[in-house]
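Asks: I'd like to go over a predicted model; first the sequence, then the structure.
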Amino acid sequence: MKPDKLPRKHLRLIQNVTITALALSAFLLLLQVASYEMGLDGSISSLSTLFSAPVSAAGASDHSTDLTGLPSPMSLMVTGDYGRSGHLLIRAEDTGAQTAAALLREALGSAGASVTVDESAFRQALDQPGIYFDYHRLLPVSVLSEQYGISFDPQFQARCLLLSVGEGDVVQLYFWDGESTVQRYETAVSASDVSDAIASFETNGAYFAYEGGEELSHLSPYAILCPAARDTYLVTSSIPSALDMDSLLERLDFNPHTHSRYPEADGTEVVVETPRTLRVQPDGTVIYTGGAEAASDLYHVNAANTLPTEVEAVLAVRQLLEVLLSGEDLGDGQIYFSGVSASGDQMQVTFDYMVDGVPVYFSDGSSAMEVQITGTTITAFRLQSRQYTLSETAYSLLPLPQALAAASVYEGGCLTIGYVDQGTGSLSPWWLVR
């Protein structure tokens, strides 16, 4: 049969197939142009990325859904009938630390009505059987409680907590803000459980600074002083090798094939995706600035109300850090929450490093991670990325008397231990007043 004799329905079929093929060809050409505009190579394989929804680095990996288990540097002073047992920056895995933490969790979960007491009442409670917790930073009680898996928000901040057995064997929980305010709560913790925990610690001659007389009056009265300091080791600081620019772009939901990327004279690499800018400095510092609208879920703070609570803000930053720094990136280091402040619709959250339970301080006084939240969006952050390796080489600190003599020029702080990071290389532990 000749072509001009084809049935009309066959002609329509041929026309439809031809039109579809032309449309598909035009569509693929349009996608190829879009591919080049987005910094892709224009290949067929690269076009597939245009059809898939962008997957946030946070969504592609497991991350925390709450603050449970978030570590903190912590010191303990345990008071029993036969004396005190002090533990400066006790390791979280130590049996004593776990026993004390379990009691504190129970106390936070059963705290009743509060009453404000004066410092003399707090001082008196310190002399009763109990366990004193020093977190070395002023922290919102709501965040601290969430770290123990407890929702408890008394709307204030505290540096130190005390579980003390009071009259009638009632276990009371005290919060001290590091200055003059003390809040007290009655709890459902058993006095016998506290006594059993105390009995598991051996007295070691530790004492509070207020027990050391006038010569220690320059220190905080509640500084824990331990004649025998804990074991400390040298640490090596380096920049995580996995945190190259391409990796960071993927982790932070930037286009890894972008052409809007250039180096500066000092070696800083810059990527611009208006209104977002990412800068990575040669020393491992990562600086991000963005707009008020979250570029992806990674930068959004889930909040029940218009503005996030401290817990919600800290959780969002914890999740961002888990994307930026995996356990492998950190090495023997850990990230811990170190502070939060709010002003209007803005909130600043900081995290820092610690190694073997000992905090790492940067010599310029900055924090490892400093984040600005505006409304419910992470609009800026600065991360000093580090990987820490704990050596097997022990490092002996000055004996306590010499450390106290050196600290005599400082007023009002607590004598503690820390590493000072001045850049990559070997870090030694030092006595510090903070």
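Replies: Arrived safely, thanks for sending.

Asks: is it fair to say Val314 lies in a helix?
Replies: Yes: read with DSSP: H, G, I helix; E, B strand; the rest coil, Val314 is one of the residues of a helix.

Asks: What is the neighbour count of it?
Replies: With neighbours defined by other Cβ atoms under 10 Å, the count for Val314 comes to 28. Where C-beta positions appear, they are placed from N, C-alpha and C, glycine not excepted.

Asks: isn't it right next to Ala342, touching?
Replies: No: using Cβ atoms under 8 Å, Val314 makes no contact with Ala342, being 11.8 Å away.

Asks: Overlap in contacts, the two.
Replies: Common neighbours of Val314 and Ala342 (criterion: Cβ atoms under 8 Å, 6 or more residues apart in numbering): none identified.

Asks: Any regions of the protein where pLDDT drops low?
Replies: Scanning the chain with the threshold set as pLDDT under 70 gives 1-61.

Asks: The same query, at a cut-off of 80, please.
Replies: Counting by pLDDT under 80, the chain has low-confidence residues at 1-62.

Asks: For it, which segments count as helices?
Replies: In the chain, helices defined by DSSP state H lie at 8-37, 44-51, 57-60, 95-110, 119-126, 141-147, 191-199, 245-251, 310-324, 327-330, 400-406, listed in chain order.

Asks: what's Pro170 in contact with, if anything?
Replies: Careful, residue 170 is Val and not Pro. Residues counted as contacts of Val170 (Cβ under 8 Å, 6+ apart) are 186, 191.

Asks: Over to Leu225?
Replies: Contact partners of Leu225, counting by Cβ under 8 Å, 6+ apart, are 86, 206-209, 212, 216, 400, 404, 415.

Asks: can I get those residues in a markdown table with distance to Ala394 and neighbour count?
Replies: As requested, these are arranged in a markdown table below (distance: Cβ to Cβ, whole Å; neighbours: other Cβ atoms under 10 Å):
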| residue | distance to Ala394 | neighbour count |
| --- | --- | --- |
| Gly86 | 20 | 24 |
| Ala206 | 21 | 23 |
| Tyr207 | 25 | 17 |
| Phe208 | 28 | 22 |
| Ala209 | 27 | 20 |
| Gly212 | 28 | 15 |
| Leu216 | 28 | 20 |
| Leu400 | 17 | 17 |
| Leu404 | 22 | 20 |
| Leu415 | 20 | 23 |
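
Asks: quick check, nearest of these to Val349?
Replies: Nearest to Val349, judged by Cβ to Cβ, of the contacts of Leu225 is Leu415 at 27.7 Å.

Asks: Compute the number of surrounding residues for the nearest residue to Gly109 once chain neighbours are set aside.
Replies: With Cβ to Cβ, 6 or more residues apart in numbering as the measure, Ile150 is the residue that lies nearest to Gly109, at 4.7 Å, once sequence neighbours are left out. Counted with other Cβ under 10 Å, the neighbours of Ile150 add up to 19.

Asks: Please apply the same query to Glu264.
Replies: Glu264 is flanked by 10 other residues according to other Cβ under 10 Å.

Asks: That one and Gln281 touch, don't they?
Replies: No: using Cβ under 8 Å, Glu264 is not in contact with Gln281; the gap is 9.1 Å.

Asks: List the contacts of Pro256.
Replies: By Cβ under 8 Å, 6+ apart, the residues touching Pro256 are 246, 249-250.

Asks: Out of these, which end up buried?
Replies: A residue is treated as buried here by neighbour count (16 or more other Cβ atoms under 10 Å); on that basis the buried members of the contacts of Pro256 are Leu249.

Asks: got a markdown table for the contacts of Pro256, with distance to Thr181 too?
Replies: Written out in a markdown table, the entries for the contacts of Pro256 read as follows (distance: Cβ to Cβ, whole Å):
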| residue | distance to Thr181 |
| --- | --- |
| Asp246 | 50 |
| Leu249 | 46 |
| Glu250 | 46 |
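
Asks: give me the number of residues near Asp329?
Replies: 17.

Asks: which one is it nearest to, not counting chain neighbours?
Replies: Once chain neighbours are set aside, the closest to Asp329 by Cβ to Cβ, 6+ apart is Pro240, at 4.0 Å.

Asks: do you know how far the one you found is from Glu322?
Replies: As for Pro240, its distance to Glu322 is 14 Å (criterion: Cβ to Cβ, to the nearest Å).

Asks: got it, and Ser363?
Replies: Relative to Glu322, Ser363 is positioned 26 Å away (criterion: Cβ to Cβ).

Asks: And for Ser241?
Replies: 19 Å.

Asks: The two: who's more crowded?
Replies: Set side by side, Ser241 and Glu322 show more neighbours around Glu322, with 17 against 10, by other Cβ under 10 Å.

Asks: isn't that one right up against His63?
Replies: Yes: because the distance of 4.5 Å satisfies Cβ under 8 Å, Glu322 is recorded as touching His63.

Asks: what residues are shared contacts of those two?
Replies: By Cβ under 8 Å, 6+ apart, no residue touches both Glu322 and His63.

Asks: what's the residue nearest to Gly109 in contact with, if anything?
Replies: With Cβ under 8 Å, 6+ apart, Ile150 has these contacts: 105, 108-109.

Asks: now that we have those, which one has the most neighbours?
Replies: Taking other Cβ under 10 Å to define a neighbour, the member of the contacts of Ile150 with the most is Leu108, carrying 23 neighbours.
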